[in-house]
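Trainee: Sequence and predicted structure below; questions after.
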Amino acid sequence: MVSMPTETVYGLAARADRPGALERLAAVKGSTEARPYTWHVGGPDDLLDGVALQALVERTTRRYWPGPLTLVLRATAPGLELISADGWTGVRAPAHEATRAILSAAPFPVVMTSANRAGETPATTAEEVAATFQRGELAAIVDGGPCAIGEASTVARLGPGGIELLREGIVTMDEIKRTAGQKLLFVCTGNTCRSPMAEALARAALRAALQVKNEDEFGFRIGSAGVYAGPGAPASPHAIETLAERDIALGDHLSTPALESLVADQDRVYCMTASHRAALLSMLPEGAAGNVELLDPGGGDVPDPFGGSLEVYRQTADAISSMVDARLADWVGPTPA
């Protein structure tokens, strides 16, 4: 067992795959409560395989790792069974170059807990670590100088069912949600048929995948607009009836014009046809094309059901639903087998 610095506090490090090492870690710290330790990694590329809601986790770790954010994720990897609890594993990538290098080079998983006796203030310098622990308790102390932040990391549980703040820190809950979720916009012509159905079907698909009642619990914001839409028009009666058959309400929808300011504020914009995409790109600055794409991953258009029968609308909803399902992995991550 050794002590290593992070940007927050100094930690006590031990092998995660050896029960004896974890027992010694608890004894030296003086812990009386059984609690899972946090796996420490070199960076976002060291994420767990098969983690639930992988796309959200990757967006969050790319933004905040290395840094003062510990994520408790729905996953258990081989070698980490001893530090997981009910299928959840805590993971962090500290922002200290020396410690990151050690973690990346280690041929085994490493856990760390703050360098202090249970109930005492964590050490923020190597001198404080040496003063806290007796000779022989630690094999070595990596002296990385004073910790840059000097307070514990934010801890958040991110997985099916929501994001839960377990310990406050520098990274706030609002910041985590803004990073994990995305702003999605669906665009058609008049914003009364195809794009409102796509918006509503995407909401339903996201809520089912995230296991929440409202997608904004993960920071998702979903809307729709029309390239030739006026403001305030209701959804077409057949669109309302078609989604009602799926227990999805569309009666409160009011059309929105696809203004440049609205489109430019989105993370992803999904157009029903190539002509819609061309219309949007003509109003946006160069370099914005990457965020504006067709809803159909295969590059096809979604036919306009306007003026058609109820059955035509049902067929359009089926097609849109299949396309939304295909896009779901981009928003949330692959569905577990």
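Mentor: Cool, the structure landed. Model, not experiment: these values are computed from the prediction.
Trainee: contacts and neighbour counts: CA atoms only from here.
Mentor: Fine.
Trainee: Longest helix in this protein, please.
Mentor: The longest helix of the chain (DSSP state H) is helix 310-331.
Trainee: Counting by contacts, list what that one packs against.
Mentor: Under the contact definition 3 or more Cα pairs under 8 Å, 6 or more residues apart in numbering; DSSP states H and E, helix 310-331 sits against helix 54-64, helix 194-210, helix 237-244.
Trainee: Give the full set of residues in contact with residue 173.
Mentor: residue 165 (Cα atoms under 8 Å, 6 or more residues apart in numbering).
Trainee: Tell me how far it lies from residue 58.
Mentor: Distance from residue 173 to residue 58, counting by Cα to Cα, to the nearest Å: 16 Å.
Trainee: Quick check: residue 39 is in a helix.
Mentor: No. According to DSSP: H, G, I helix; E, B strand; the rest coil, residue 39 belongs to no helix; its state is strand.
Trainee: neighbours around it, how many?
Mentor: As a burial measure, residue 39 scores 25 neighbours (other Cα atoms under 10 Å).
Trainee: do residue 23 as well
Mentor: By other Cα under 10 Å, the residues close to residue 23 number 13.
Trainee: in which helix or strand would I find it?
Mentor: Under the criterion of DSSP states H and E, residue 23 resides in helix 19-29.
Trainee: That helix: which residues count as buried?
Mentor: By 16 or more other Cα atoms under 10 Å, the buried positions in helix 19-29 come out as 21, 22, 25, 26, 28, 29.
Trainee: now swap in stretch 203-211 and tell me
Mentor: 203, 204, 205, 206, 207, 209, 210.
Trainee: can you check stretch 271-289 too?
Mentor: 271, 272, 273, 274, 276, 277, 280, 281, 284.
Trainee: Stretch 327-337 too?
Mentor: Of the residues in stretch 327-337, 327, 328, 331, 332, 333, 334 count as buried by neighbour count, 16+ other Cα under 10 Å.
Trainee: Adding pLDDT and distance to residue 167 as columns, could you present these in JSON lines?
Mentor: As requested, these are arranged in JSON lines below (pLDDT from 0 to 100; distance: Cα to Cα, whole Å):
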{"residue": "327", "pLDDT": "97", "distance to residue 167": "33"}
{"residue": "328", "pLDDT": "97", "distance to residue 167": "30"}
{"residue": "331", "pLDDT": "97", "distance to residue 167": "26"}
{"residue": "332", "pLDDT": "96", "distance to residue 167": "24"}
{"residue": "333", "pLDDT": "93", "distance to residue 167": "26"}
{"residue": "334", "pLDDT": "87", "distance to residue 167": "28"}
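Trainee: Relative to residue 301, which of those is nearest.
Mentor: residue 327 (15.2 Å; Cα to Cα).
Trainee: Now do that closest one against residue 176, distance only.
Mentor: 22 Å.
Trainee: what do you get for residue 303?
Mentor: 38 Å.
Trainee: of the two, who's got more company?
Mentor: Using other Cα under 10 Å as the criterion, residue 303 and residue 176 rank with residue 176 on top: 24 against 14.
Trainee: any idea of the pLDDT on the nearest residue to the more buried one once chain neighbours are set aside?
Mentor: Excluding the flanking residues, the one nearest residue 176 by Cα to Cα, 6 or more residues apart in numbering is residue 60, at 6.7 Å. At residue 60, the pLDDT value in this model is 97.
Trainee: Quick one: residues contacting the residue most central in space within the chain.
Mentor: Among the residues of the chain, residue 56 comes closest to the average C-alpha position under Cα atoms, centre = their mean, at 2.2 Å. Contact analysis of residue 56 by Cα under 8 Å, 6+ apart lists 179, 180, 181, 331, 332, 333.
Trainee: Output those residues in JSON lines; the columns should cover distance to residue 192.
Mentor: Shown next, in JSON lines, are those (distance: Cα to Cα, whole Å):
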{"residue": "179", "distance to residue 192": "30"}
{"residue": "180", "distance to residue 192": "29"}
{"residue": "181", "distance to residue 192": "26"}
{"residue": "331", "distance to residue 192": "24"}
{"residue": "332", "distance to residue 192": "27"}
{"residue": "333", "distance to residue 192": "30"}
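Trainee: what are the phi and psi angles of the residue nearest to residue 114 when sequence neighbours are not counted?
Mentor: Among residues not flanking residue 114 along the chain, residue 11 sits closest, at 4.3 Å (Cα to Cα, 6+ apart). When quoted as degrees, to the nearest 10, the phi and psi of residue 11 stand at phi -120, psi 160.
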